[in-house]
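S.K.: One predicted model, sequence on top.
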Amino acid sequence: MARESHLLHIRSRILLRLAKSHGLSNGDLVQSFREILAACAQTLHVSRVGIWMYAQKKAAIRCVASYSVNRTDFVADAELLQTQFPIYFEALDTERVIAAHDAHTNPYTSEFTETYLKPLGISSMLDAPIRWEGAMIGVVCCEHTGPARNWTAEEEYFLGSITDFITLAIELWKRKNIENQLNIVNEQLEQKVHERTQQLEHSNEELKRFAYAASHDLREPLRTIMGFAQLLERHIADKLDDAGREYMRYITNGTQNMSNLVKELLNYSRMTTIIDEDYVDLDCEDLIGHITAGLRRQLIESEAAINFPAIHIVLYGIRSQILRLFQNLISNAIKFVPRGQTPQINLSCLDMGSYWQFAIADNGIGIAPEYSEQIFTLFKRLHTKTEYGGSGIGLALCKRIVEQHGGRIWVKSQLGQGSTFYFTLAKRP
Ligand SMILES: Nc1ncnc2c1ncn2[C@@H]1O[C@H](COP(=O)(O)OP(=O)(O)OP(=O)(O)O)[C@@H](O)[C@H]1O
Ligand SMILES: [Mg+2]
């Protein structure tokens, strides 16, 4: 009794050691099998233990790993056919454990006597099926040489635990494989995203450089046209009739418009290609003072009233850009009013914690809600030049500036009911 409990204790310790083995924790199938088989052979004192897996759609079993006490290497080659050993194959399907005390006479294993048992000197066999997700996938075979031995119930139970370890090793190996594949796919994806981002950044840079260079180079020939048109006007104005003078005016007005447009386009592309200023603290009242001074002529002509409660706010941004932002929005608010109406403009600002939210409300002609996104795109205008002047760059520029400062811009308006433009600016980080 004492001997049995001592054996039980030893076997439990061996199982515990297996549970913590490197092969299992690394999902390394070959190493796991080696550790499991070695533990099994040494614990049950058998000369050879092998793992045999079903092959050829269960028409054969193939040895995938084996451990011999007299040999240190693992043989994994042999294959047994169902047609040669039909009774053994049937027993695999029906029996929990095949405990052949005398393998030569046992009904399930006697088939092996001449071809297998005698040549290898095997006297007793203890085999247990390996199950995976409810189905039989193979068998673990213990082969004893020397005098035949009686397998104890406890030894049969121990072999059952060994098959559990084999299925666990297979499961961990499969999981490891899936993990590895996922990691590879992930790495490939990350690499692709990185490459695409680089390509995008590169083509973006190219585009910006192109827009800058194009608009810069366009100014030169334009200046020539304008210069010669003015010369022509001066020299031959008295020789022209009314129609001729009108055509002349079209030429000079057209070139002037084009020159303004190119200038604005240049400003627009400069905004992100050339930033030669730093982010600084900007006193809001000081900014508004500057802007109203710059828009003096427009303000006087339109008799516009700007209302901005004197709050001490310090913004953080690129001075020239923030000036442009306010300037464009205020000049739109002055410009887009029905004829004969005095512009009323209300500026306000809310502290939203990490950012400021500005609102510039006017009493102008308003914007139909379906255009509330489009007006921020380059050259989008809702009116002809004769109704309201401009080149359609102002709001696109505002959007770029705000986004460059980590904010966003939007409008709330109804046709004929004035507009309120909102934008946010992040506070100093
Ligand atoms: N406050 C406003 N009220 C009504 N419509 C507006 C207002 N601001 C802008 N819009 C509409 O949005 C269009 C785009 O504005 P944006 O400032 O980009 O161009 P613009 O003022 O026409 O030209 P630019 O600003 O380049 O001189 C305007 O043409 C106008 O139709
Ligand atoms: Mg404008």
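M.R.: Sure, I can see it. Ligands and ions are numbered 1, 2, ... in the order given.

S.K.: contacts and neighbour counts: CA atoms only from here.
M.R.: Fine.

S.K.: For the one helix or strand Gln198 maps to, name the packing helices and strands.
M.R.: Element membership for Gln198 (DSSP states H and E) is helix 153-236. For helix 153-236, the helices and strands in contact under the criterion 3 or more CA pairs under 8 Å, 6 or more residues apart in numbering; DSSP states H and E are helix 2-19, helix 22-26, helix 29-44, strand 122-132, helix 242-273.

S.K.: let's see 7 Å
M.R.: Contact analysis of helix 153-236 by 3 or more CA pairs under 7 Å, 6 or more residues apart in numbering; DSSP states H and E lists helix 29-44, strand 122-132, helix 242-273 as its packing neighbours.

S.K.: Which of those has the highest mean neighbour count?
M.R.: Across the helices and strands packed on helix 153-236, the average number of neighbours (mean count of other CA atoms under 10 Å) peaks for strand 122-132, which reaches a mean of 23.

S.K.: who does the host helix or strand of Leu92 touch, helix- and strand-wise?
M.R.: Under DSSP H and E, the secondary-structure element containing Leu92 is helix 86-94. In terms of contacts (3+ CA pairs under 7 Å, 6+ apart), helix 86-94 is not packed against any helix or strand.

S.K.: And that helix, what's buried?
M.R.: Neighbour counts over helix 86-94 (16 or more other CA atoms under 10 Å) mark 88-89, 91-92 as buried.

S.K.: who's in contact with stretch 393-407?
M.R.: 264, 268, 317, 321, 325, 328, 375-379, 408-409, 423-426 (CA atoms under 7 Å, 6 or more residues apart in numbering).

S.K.: Please indicate which of these are buried?
M.R.: The neighbour count (16+ other CA under 10 Å) marks 264, 268, 317, 321, 325, 328, 375-379, 408-409, 423-426 as buried among these.

S.K.: Among these, which ones are in helices?
M.R.: Counting by DSSP state H, those place 264, 268, 321, 325, 328 in helices.

S.K.: Show the contacting residues for Val46.
M.R.: Shown in contact with Val46 (CA under 7 Å, 6+ apart): 142-144.

S.K.: what about 6 Å?
M.R.: Going by CA atoms under 6 Å, 6 or more residues apart in numbering, Val46 touches 143-144.

S.K.: Next one: whatever residue of the stretch 201-350 of the chain ends up closest to ligand 2 relative to Leu15, how far apart?
M.R.: Nearest residue of the stretch 201-350 of the chain to ligand 2: Asn332, at 4.9 Å (CA to the ion). Per CA to CA, to the nearest Å, Asn332 is found 82 Å from Leu15.

S.K.: number of nearby residues for Arg196?
M.R.: Per other CA atoms under 10 Å, the neighbour tally for Arg196 reads 12.

S.K.: distance of it from Ser203?
M.R.: 10 Å.

S.K.: Quick one: mean pLDDT over stretch 91-106.
M.R.: Averaged across stretch 91-106, the pLDDT comes to 93.

S.K.: Please identify the buried residues of it?
M.R.: 91-92, 97-104.

S.K.: Take those residues and lay them out in CSV including secondary structure and distance to ligand 1.
M.R.: Below are the buried residues of stretch 91-106 laid out as CSV (DSSP: H, G, I helix; E, B strand; the rest coil; distance: CA to the nearest ligand atom, whole Å):
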residue, secondary structure, distance to ligand 1
Ala91, helix, 86
Leu92, helix, 82
Val97, coil, 85
Ile98, strand, 87
Ala99, strand, 90
Ala100, strand, 93
His101, coil, 95
Asp102, coil, 97
Ala103, coil, 95
His104, coil, 98
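
S.K.: Name all residues that make contact with Gly364.
M.R.: Residues near Gly364 by CA under 6 Å, 6+ apart: 336-337, 418.

S.K.: got a pLDDT number for it?
M.R.: Reported pLDDT for Gly364: 96.

S.K.: ditto for the one 4 residues further on
M.R.: Here the pLDDT value assigned to Ala368 is 96.

S.K.: if I look at it, how far off is ligand 1?
M.R.: Separation of Ala368 from ligand 1 (CA to the nearest ligand atom, to the nearest Å): 9 Å.

S.K.: Write out the residues of the stretch 301-429 of the chain neighbouring ligand 1.
M.R.: Residues of the stretch 301-429 of the chain found near ligand 1 (CA under 6 Å from any ligand atom) are 332-333, 336, 364-367, 375, 380-383, 390-396, 419.

S.K.: rerun that using 5 Å as the cut-off
M.R.: By the rule CA under 5 Å from any ligand atom, the part of the stretch 301-429 of the chain lying against ligand 1 is 332-333, 336, 366, 375, 381-382, 390-395.

S.K.: same check, this time on the stretch 1-150 of the chain
M.R.: Residues of the stretch 1-150 of the chain found near ligand 1 (CA under 5 Å from any ligand atom): none.

S.K.: pLDDT below threshold where in the stretch 1-150 of the chain?
M.R.: 1-4, 71-77 (pLDDT under 70).

S.K.: try it again with 80
M.R.: Counting by pLDDT under 80, the stretch 1-150 of the chain contains low-confidence ranges at 1-13, 18-25, 70-77.

S.K.: do the same with the stretch 151-300 of the chain
M.R.: Within the stretch 151-300 of the chain, the segments meeting pLDDT under 80 span 208, 211, 215, 269-277.

S.K.: Not counting its neighbours along the chain, what's nearest the residue in it positioned nearest to ligand 1?
M.R.: Closest to ligand 1 within the stretch 151-300 of the chain is Glu264: 7.2 Å, counting by CA to the nearest ligand atom. Nearest-residue entry for Glu264: Ile393, 6.8 Å, with adjacent residues in sequence omitted and distances by CA to CA, 6 or more residues apart in numbering.

S.K.: Thank you, goodbye.
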